[in-house]
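Asks: structure for the following, please:
(one chain, ligands or ions: 1)
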Amino acid sequence: MESAPILELADVRLSFAGVTAIDGVSFGVRPNELFAVIGPNGAGKTSIFNVISGVYRPQEGRVTFDGTDLLGRRPHEIASLGVARTFQNVELFANLTVLDNLMLGRHQQLRYGALAGMAWLGRARKAELAARLAVEDIIDFLELEQWRRHTVGLLPYGVQKRVELGRALAQEPKLLLLDEPVAGMNLEETEDMARYILDIREELGIPMILVEHDMGLVMDLADRVLVVDFGVPIALGAPTDIRTDPEVIRAYLGEAS
Ligand SMILES: Nc1ncnc2c1ncn2[C@@H]1O[C@H](COP(=O)(O)OP(=O)(O)OP(=O)(O)O)[C@@H](O)[C@H]1O
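Replies: Okay, here's the model as predicted:
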């Protein structure tokens, strides 16, 4: 039997002053699934991420995550429910070290506030220690050991993208949104990132949504692919079916080849 989706979008519509960014998109992401969203520039892929993470509020439709209605919730609430995200352009604290960036990612997840931290210092210390251990695991997992004390802004681009992935993992997400994780990377960096994405699925069992222009990567990694064109969903299925779908070839792949 197929497991129930952890994330579900139902007939989502979003427009900005006459520009329709998302036009009736529905899909569900199953636990442990690597789900991809592809489409030409301006097709609405990043807008879908912005709707899921609470940055944009759609005019119509429903978004449900782990049994909770996400519509109307603020981005930090959605993050604390377990949705983590990486961005098209690296969004880290460039002047801080790798370790500090990962610790900050982890603090989004910690359950105590500043006051509670003062009142129950012991508990806060324990939480801090646990955070440090969790971050060390991520450093191991993403092979960031040699850069742990380096300032992020000075690192090679591929490593920065990896640190950003680590920051998202530090939130202990139940769902990970990856916005063009290999954009701007060379072949070796792309292969490394593909391996980490697969490891996240295999070893950590975290479901992911991948938005990516690198078609080879999507076809190699994804369990299912949603194709959008001008905000409209035109196909949804396994990579092998998407590759041969006449509508997709006409609207997108044909154009790219
Ligand atoms: N904040 C906004 N204000 C106005 N229009 C917007 C806004 N965000 C997105 N759009 C419009 O919505 C449409 C979809 O944009 P979106 O960035 O979601 O596409 P995309 O598929 O992620 O594109 P790309 O592959 O180039 O990143 C575009 O026409 C875009 O101009």
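
Asks: give the contact list for Q88.
Replies: Residues counted as contacts of Q88 (Cβ atoms under 8 Å, 6 or more residues apart in numbering) are T46, D179, E180, A183. For glycine as for every other residue, the C-beta is placed from the backbone atoms N, C-alpha and C.

Asks: swap in R106?
Replies: Neighbours of R106 in contact, by Cβ under 8 Å, 6+ apart: A131, A134, V135, A170, Q171.

Asks: the stretch 101-250 of the chain: helices as residue ranges?
Replies: 114-119, 121-141, 157-170, 187-199, 215-221, 239-244, 246-248 (DSSP state H, counting those that start in this stretch).

Asks: helices or strands up against the fifth one?
Replies: Which is helix 215-221. strand 34-38, helix 187-199, helix 239-244 (3 or more Cβ pairs under 8 Å, 6 or more residues apart in numbering; DSSP states H and E).

Asks: those: which one's closest to P156?
Replies: Closest to P156 of the helices and strands packed on helix 215-221, according to Cβ to Cβ: helix 187-199, at 8.0 Å.

Asks: and that closest one, what does it pack onto?
Replies: For helix 187-199, the packing partners by 3+ Cβ pairs under 8 Å, 6+ apart are helix 157-170, helix 215-221.

Asks: so for the ligand, which of those helices sits nearest?
Replies: Taking Cβ to the nearest ligand atom, helix 215-221 is the member of the helices and strands packed on helix 187-199 nearest to the ligand, at 12.7 Å.

Asks: list the buried residues in the closest one.
Replies: Buried residues in helix 215-221, defined by neighbour count with 16 or more other Cβ atoms under 10 Å: M215, L217, V218, M219, L221.

Asks: redo the residues you listed as CSV? Include distance to the ligand.
Replies: Output for those, formatted as CSV (distance: Cβ to the nearest ligand atom, whole Å):
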residue, distance to the ligand
M215, 13
L217, 15
V218, 13
M219, 17
L221, 18
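
Asks: worst average pLDDT in the helices and strands packed on helix 187-199?
Replies: Mean pLDDT is lowest for helix 215-221 out of those, coming in at a mean of 91.

Asks: what's the spacing between that one and its chain's center?
Replies: Relative to the centre of its chain, helix 215-221 is centred 16 Å away, using Cα atoms, centre = their mean, to the nearest Å.
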